[in-house]
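A.B. asks: coords please:
(chains A, B, C, D, E, F and G, ligands or ions: 2)
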Amino acid sequence: MEILMIITVGVLVTVATYLLLSKSMLRVIIGVMILSHGAHLMLLSLAGLKEGSPPLLGEEAASYADPLPQALILTAIVIGFGITAFMLVLAYRTYKAHKTDNLDELRGTKDD
Amino acid sequence: MAFQILLNIALALIWMMLRGTYTFPDFVVGYIIGLLLLIVLRRFLEFEFYFKRVVAMAKLILLFLYKLVLSNIDVIKIVLSPKMDIEPGIIAVPTKLKSDWEVTLLANLISLTPGTLTMNFSEDGRTLYIHSIHVPDKDAAIKEIRDTFEKAILEVTN
Amino acid sequence: MLDIVIAIVLGLLSLSILICTGRALIGPTMSDRIVALDTIGINLIGFIAILMIVQETAAYSDVVLLIAILAFIGSVAIAKFLEGGVVLDRGDS
Amino acid sequence: MTNLVILPILIPLLIGVLLIFFKNHKSIQRVSSVLAVTAMIIASGYLLYIVYNNGIQVIELGAWPAPFGIVLVADLLAASLVFLASILALVCLFFAYQTFSAERERNYFHPFFLFLMLGVNGSFLTGDLFNLFVFFEVMLISSFILISMGAKKYQLRESFKYVVINTVSSMFFIIAVAYIYGAVGTLNMADIASRVGELEQAGVLTVIGVVFLFVFGTKSAIFPLYYWLPHSYFAPPAAIAALFGGLLTKVGVYTLLRTYTLMFNQDTAIFQILLIIGGLTMFIGVLGAVSQFDFKRILAVHIVSQVGYMIMGIGIFTPLAIAGVFFFLVHNIVVKSALFLYAGIAEKITGTSHLKEMSGLLKTHPYVGWLFFIAAISLAGIPPLSGFFGKFALIVAGFEAGHYFVIAVSLITGVLTLFSMMKIFMTSFWGEVKIPNPNFKDVKVTKLILPTLPLIFLTIALGVAAEPFIQFSLLIGEQLMNPSEYIDSVLKE
Amino acid sequence: MKTRPLQFQVVTRVVAFIILAFSVFLFFAGHNNPGGGFIGGLMTAAALVLLYLTFDVKTIKKVIPFDYAKMIAAGLTLAIVTGMGGMVLGQPFLSQYDRYITFPFFGEFHATTALPFDLGIYLVVVGFTLLVILTIAEDGS
Amino acid sequence: MSMLHFIPLAPFIVAIFIPILYKAFRHIHTGWFVLPLPILLFIYLIQYLPFGGEPLTPIMETIAWVPSLGINFTVYLDGLSLLFALLITGIGALVVLYSIYYIANKREEPLNNFYVYLLMFMGAMLGVVLSDNLIVLYVFWELTSLASALLIAYWFHKEKSRYGAQKSMLITVSGGFAMLAGFTLLYNMTGTFSVREIIASVSEISTDMLFIPAMILILLGAFTKSAQFPFHIWLPDAMEAPTPVSAYLHSATMVKAGIYLVARFTPVFGGQAEWFWIVTSFGLLTLLWGSVSAVRQKDLKGILAFSTVSQLGLIMSLLGIGSAAYQYEVIGGESIATVAILAAMLHLFNHATFKGSLFMVVGIIDHETGTRDIRKLGGLMTIMPITFTISLIGVASMAGLPPFNGFLSKEMFFTGMLSGASLDVFNVQTLGFIFPIVAWVASVFTFLYCMIMLFKTFTGKHQPEKLEKEAHEAPFGLLISPIILASLVVLFGLFPNLLAYTIVDPAMQAILPGLLQEGEQFYVNIYHWHGFNAELFMTMGVVFFGAFLYVNLKKVQETAFYLGERDPLNWFYDNGLDGLITGSTAVNNVQMTGKLRDYFTFMFAFLILSVGYMLIRTGSFAFDIQNAAMISPYIYLVVAAIIISTIALPFMNNRITAIVLVGVVGFLIALLFVILRAPDLALTQLLVETVMVVLLLLVFYHLPELKKEKFTPAFNVSNAVISIGVGLVVTITGLAVHAFSNENPMSRISDYFVENAYALAGGNNIVNVILVDFRGLDTLLEVVVLGIVALAVVVLIKYKAKEGEDV
Amino acid sequence: MSLIEVIVSIFLILGAFLSVLGSIGIIRFPDVYGRLHAATKSATLGVIFVVAGVFLYFLVVEGIVVGKLLLTILFVFLTAPVAAFMIGRSAYNVGVKMWDRSKQDDLARDLEKMNKEKPKKSDF
Ligand code: NA
Ligand code: NA
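C.D. replies: Residues are numbered from 1 along each chain as shown, chains lettered A, B, ... in the order given. Ligands and ions are numbered 1, 2, ... in the order given. This next block holds a predicted model:
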């Protein structure tokens, strides 16, 4: 199971990287989002995916899934959410100011 | 006002369902929460309600279920038929129903039943535009709706 | 016995999701994609509900309801967006 | 004082939040900010005093024992950096008051500023790897908005790149945390260190160490991960640029310092990589500075070069080298910020930051000129200013460890640094008087200079009276090279 | 001719209540079941977003006249002050206290400082989501 | 702190008050406030001279400065440092006096700056010669460079001044850095920065691998400072400085710091063949190049500059040859090599006197006529008789004519070269014969430029129309200093032995310690008449051929070497700087393209290479399927769906489709969270994803449709390679960590949470308990992030700064 | 296998079957409006069956009343038609063409009529 997940992470990271290398701001942002999925999944997988109940003590199970990475991922998701939101707005403002979403055209000129 | 109380009770019940415990304290907590929500959003509640037509409602539900089964069989037939031998179209259906609630109920029911799908409303909300999957005869289709759902709803509300 | 049924049902639901994914990818119009997406959401509800039986926990009931809610909001939002790009009307014009 | 360690974090947090309520009250915002930062200085100064006398201070947040809860750890390094950061914050704040429009202050500048300090101080103090990620994010998001607020075309364009690159690096931070947690099952840095110690030279740990190099290397702007820096640090006003240029990359360097002295200190291969990167960073960075003809740009690119020295010092990895890194770090925080402030003053006077459009400032504004000059030659490592001793300690340590080549590179870099600093002085301060801003005489320079004076004082004091600071740095070098003290204080063994 | 999404508007009124109730539930369920301040807050935000989707921004502003920036500040203040509670007693920042309080009629209630802390988070999340969405929406084109 | 410490610090202390005095007493020339200091210091230093014939006992005083790094402010006064200190203060006093009349007290003259720089230089230079600690020496060394640059650019509105300042600074500071490295290497070998202690441990370190590198690095410092070939190019451009500065720094003192350093280190490196050859040959080369180049100059100061270069080379070469003394026994204070050191010290002193006076004279000419161009000058002999007389004395001394002091040291220089050629160590027999030849040729050219200087200025036709001012004799104040120096030239020419045991012998003892028995002195007897020896014939030849060349000056100056106006070596400097800027711009342009894609390419390449390298190096590849949990088939389906929809993303050319697909991936990840038993995560992911889609839609309505990206095939390949590379590196490391953790199972801190969530924190949802309790700080900060973002969005959208606002 | 398991199984299979059929409809119908029919009816009913089955399972086998499942059913009933309505309406407004064999379009007729009666404001 872990191996399957780690390979999935690999695919996510690969595609994310590919998107990060593109010209369009939207694609880049999507790349960041996909990369964050990969990162979260990696954290979950490497913590060990032992068979067990969700980490709810009410379930009174013999074993529980590792709750710590879940908490960490939750924090990471929230932070990623915030940052991505900011990035979106920044892209939006940048587009409005520059009239392009093509990063190749956002290189900047010598004189500014 | 009556509806608001009813809605409040309904919210309390929903609360209990959410909690998965069905005790009186839970009901009271749910009722209080519902009350708070209603206070916050009271401006939406510009409607009235008549609680007496329960029987009519039951009839309506039965009708609906019946139609639902029929509609599904209908769709299945079309979906699985090798050739799609249908003539779709949009028809305008004026309704006698008065409140937005009734019209909405009608629209929902229409959408969930055979071959028809509410697609739009006129500005006054009293004409429904319905996409029908197979309209060989437009007037028959309109009549069908009027005789079944609209009538049943009118029975509930009047 | 129930295990087998569940396996079959999960398979069927997966198949259903897969078909819808196909439509979501083919399009051709945006509306088609939203229809497909909405349906995927609806199927997902069933899928997770069944996982509750598999993992013998009621903990996912929240997830089930949540997906129903979000699928609705999502579909409506995209539909509104399609119409004019204005997801939220300002109400002052 | 159980909670002393958290005060440098709590003060800016609480005041920053409360100031959101007072969006439109400029004087309340100003007074509160100054009070908050002053309180930070007092708290961190006292903390440093306590740490110096009583040893490493640890707070277990929520009273949960380490390594389970989050701990904040103040050792000499962390405490002194927090102290310094707070001082710098006050300087920049006063400078900002002289240069900022009311409009900017009304747009939550003060909360953002305080949150940035919260992130910086937290990054220095935390003893938990994931918590470090979180503090980083607080710091980054504050920096994102501070750098882009105003929304000029240039700002937006460069901020976008800045944000994306740093965010991607943060994602790899999570991946790196995943690796570490997967390998050793803990997040507490002291606990990681002790567990890594038990495992002895496991190759995987070294690999993870390199992943961290990518992450922290991006934050600290090493070659070839520095691309986000030069253009984006050009964007914000001087007070912000000074704070960023002085402080932010140093947080990255701090983490590298912490990481490689505490956790990944076993495999020398990493240190070789650090040496190579250090050399490349300082050289490529200074080439950037050589090629530019803009006041702020030269300073911005130059940050990279200076980071290279520090990376080299970590790569040398002896107590003296680490002491040198610390001294250099402190020096650089002081001097770099000062330089950015002078760039701001020059821009305020002339209305431009392009070197070729202004000249003769030494004639019209001799004090600005000479203060800049002191900072500039200090940056170039001319004795007896602070820039010399950090570099000197690194050279001695580097030769002792036999790293002749990289030291040679560092000396050549020193020459080029001098060249680029002289370029500014020659073309803008010397020469016939030429100032594009016709009203330059109305600019009240004294008020602008005043906040910078503490920094100039520091760079002179750190050089002329170097001994106590050097002793202190050596103490830090010893403390970092013997992490058992840190580990024992945290894990209470 | 103008058309009107009548069905949508009417159903939303009902559905919004369900969602809001659900969000409150999720918030309280947090400590023992999936949920908590963050999830509850987002759910509330989702319900509000649905209202904004259905009706126009101006109408909703009349109904829910919140200053979301202040809501965020209030949430943060609440969370921080809760965390500081223990400091008065010489405990480290963020030390928690909990106690079982028996109310007449309602029965035992588990009062814990985690609750106000979580409430702070809830407020921030709601404020965040709506402030961001509304700010962008209002900017328009 | 002793009085000796006070000597180098005193000028700095005075300098602090100069700006105040300048402001307070505008009508008084600031120089008057400065003048007493060098005089007092000079008088104070004089008393250390061994007038009674008793050998000078070195004095050493220490105060700790940065003892942790081995840096102590140790003042060491021996013959060598005393000689230099006297020059610095003595000439310093004269220069200050001269400057008072040279630079008028006018409103636009920033005299405060001038004297602050000058005092800074004086202190620094005294520091250099009085420091025993190498780092302290270095500190002062760099300060002299700094002061020099500032003085050169005193009139900084002039382009040439700035150029000269930059050039001198770059070259001398670079040399300083090299020297610092050399010092540090010595420290590495000996563990001390004290010259005394290093000399004491020479025998242990001379075989060290780093010994020769240290020597070369230190020589780099000395050569750059003392304008040795090919680093001399800064000195002519330094002539943009006001003439008092040229007289003081660029002829009498600062440029001799390199000489001082070589002399100081002779006891350390003196026994080495490398030292002998490098110092001697660079000295001779400089001597030759300087004298030959001086003939090219049309500017009087230019001639003097190259003359200085040449004379510095002369002294340097003598020190080189003299270093061979360590190979010989010294009998009766004399050996074949010591005479070279003797000559060096004597000439050092003599040069300071005659060159100082000449610079001042040139300053006077410039001051009174408005030009220094020999093509415009002429016939000044009658108009400026006193000036002419001083010039005559100076030039004659420089040309090596009797009875002036220059003649004495010139003769002794020939002696030194001849004896150098006859040494039988270091394979001197192979090339040693060149030494006297070069010396002689250089002397011929020296004679030539001396004639040019004197005759082109003072004889010939006076052309007032070419001058900016009407020429007349200088005011008396301006003449005092050159007269004093010229008198010294005459005095020491006639009575050279006044210097012998007071100045020269103590200096020699400092340069060659350990060669003498206790109580012995070097044999120093300086006299004019040596008999008809080789030296005398050489001098006669110089005069003859020099005169011959002057007669044929036109032809000489038409040779290829003289066609260019500037020293050909400047080409390397100028093009080097241009190349540096072009090159660094090129390097910069390759990387700082402004394209995010390029940045990421570099960054990811680094990631792949570094992590990949470390994976291979540590052999960490591992793949462990043993402990893997069982996988149900539907999980494969979900994973397949995730992978397919993810891979489809880059191919989406419709923004809405792309956004929707992002939502799909997010929902599927949430599903995976359900499967992996993380309900809280699933809920969060779902909610976040939905809000995110709404945000994306809100924002991207305004952004244009996605375009199919057109890259060149090469780019496509590189993008693909980098993406796959990053994916692989991340995956392989993940797998390795997984396998590692199975092999080395460690307890996880989360066990504690499972055990204590309810007991200690009263919650059943462990994840939530961790969030609000065990790791409450994370959560608090995470919402802080959200709060900041929300405010940031508001600011970003609503606040637009005006142009030029908020610097 | 107990009776309840059989009943649950029937619910589940029926639901899954309907879901698949709905999806097939989404693929097979020629235009978006037709596909909406399939989605709103079959898929919705399908999922309701599945959730009801799961509800029954927990109710009887585990003895838990998972009210949220009932709430889900209610919610889907309420919102599925609305979602379909919104999608259809927007598709029409955007101008997504109906299948070429469609006969009738009253909406287009009415829209045109109204527009003729009330000239646009901008014409004034
Ligand atoms: Na300029
Ligand atoms: Na002439």
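
A.B. asks: use CA for all of it now, contacts and neighbours both
C.D. replies: Will do.

A.B. asks: show me the contacts for the spatially most central residue of chain A.
C.D. replies: Centroid-nearest residue in chain A: residue A:36, 1.2 Å away (criterion: Cα atoms, centre = their mean). By Cα atoms under 8 Å, 6 or more residues apart in numbering or on different chains, the residues touching residue A:36 are A:77, A:80, D:171.

A.B. asks: how about a cut-off of 7 Å?
C.D. replies: residue D:171 (Cα atoms under 7 Å, 6 or more residues apart in numbering or on different chains).

A.B. asks: over to the one 3 residues further on?
C.D. replies: Listed by Cα under 7 Å, 6+ apart, the contact partners of residue A:39 are D:171, D:174, D:175.

A.B. asks: the second one: how many residues sit nearby?
C.D. replies: For residue D:174, the count of nearby residues is 24 (other Cα atoms under 10 Å in any protein chain shown).

A.B. asks: repeat for the first one
C.D. replies: Counted with other Cα under 10 Å, the burial measure for residue D:171 works out to 24 neighbours.

A.B. asks: residue B:84 now?
C.D. replies: By the criterion of other Cα under 10 Å, residue B:84 has 13 neighbours.

A.B. asks: where exactly do the strands run in chain E?
C.D. replies: Assigned by DSSP state E, the strands in chain E fall at E:98-103, E:107-112.

A.B. asks: what's the first one packed up against?
C.D. replies: Think strand E:98-103. Counting by 3 or more Cα pairs under 7 Å, 6 or more residues apart in numbering or on different chains; DSSP states H and E, the packing neighbours recorded for strand E:98-103 are strand E:107-112.

A.B. asks: including pLDDT, could the contacts of residue A:39 go into TSV?
C.D. replies: Formatted as TSV, these follow (pLDDT from 0 to 100):
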residue	pLDDT
D:171	97
D:174	97
D:175	97
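
A.B. asks: just the closest of these to chain B, please.
C.D. replies: residue D:174 (34.7 Å; Cα to the nearest Cα).

A.B. asks: what helix or strand is that closest one on?
C.D. replies: helix D:153-184 (DSSP states H and E).

A.B. asks: any part of that helix near chain F?
C.D. replies: Yes - Helix D:153-184 is in contact with chain F by Cα under 7 Å from any Cα of the partner chain, via D:161, D:179, D:182, D:183, D:184.

A.B. asks: which bits of the stretch 101-250 of chain F sit near chain E?
C.D. replies: So the stretch 101-250 of chain F never meets chain E (Cα under 7 Å from any Cα).

A.B. asks: how about the residues of the stretch 101-250 of chain F by chain D?
C.D. replies: Counting by Cα under 7 Å from any Cα, the residues of the stretch 101-250 of chain F near chain D are F:139, F:142, F:156, F:157, F:158, F:162, F:170, F:174, F:177, F:184, F:185, F:188.

A.B. asks: again, only using 6 Å
C.D. replies: F:139, F:156, F:157, F:174 (Cα under 6 Å from any Cα of the partner chain).

A.B. asks: could you work out the most separated pair of those?
C.D. replies: F:139 and F:157 (28.9 Å; Cα to Cα).

A.B. asks: so between those two, which is more surrounded?
C.D. replies: Neighbours per residue (other Cα under 10 Å) separate residue F:139 from residue F:157, with residue F:139 holding more: 21 against 18.

A.B. asks: next structured bit after the helix or strand hosting the more buried one?
C.D. replies: With secondary structure defined by DSSP H and E, residue F:139 is part of helix F:134-152. Next helix or strand after helix F:134-152 toward the C-terminus (DSSP H and E): helix F:159-190.

A.B. asks: quick check: residue F:490 is in a helix.
C.D. replies: Yes - secondary structure assignment places residue F:490 in a helix (DSSP: H, G, I helix; E, B strand; the rest coil).

A.B. asks: what about residue B:87, neighbour count?
C.D. replies: Under the criterion other Cα under 10 Å, the count of neighbours that residue B:87 has is 16.

A.B. asks: how near is it to chain D?
C.D. replies: Between residue B:87 and chain D the computed distance is 52 Å (Cα to the nearest Cα, to the nearest Å).

A.B. asks: and stretch B:92-104, does that touch chain E?
C.D. replies: Yes - for stretch B:92-104, a contact with chain E is found by Cα under 6 Å from any Cα, at residue B:104.

A.B. asks: in chain E, which residue is most central in space?
C.D. replies: Short answer for chain E (Cα atoms, centre = their mean): residue E:41, at 3.8 Å.

A.B. asks: and that one, how far from chain F?
C.D. replies: 10 Å.

A.B. asks: contacts only, for the nearest residue in space to that residue that is not next to it in sequence.
C.D. replies: With sequence-adjacent residues excluded and distances taken as Cα to Cα, 6 or more residues apart in numbering or on different chains, residue E:41 is closest to residue E:122, at 4.5 Å. Applying Cα atoms under 6 Å, 6 or more residues apart in numbering or on different chains, we find residue E:122 in contact with E:37, E:38, E:41.

A.B. asks: mind checking how far the first one is from residue E:25?
C.D. replies: When Cα to Cα, to the nearest Å is applied, the distance between residue E:37 and residue E:25 equals 10 Å.

A.B. asks: check residue E:128 too.
C.D. replies: Distance from residue E:128 to residue E:25, by Cα to Cα: 20 Å.
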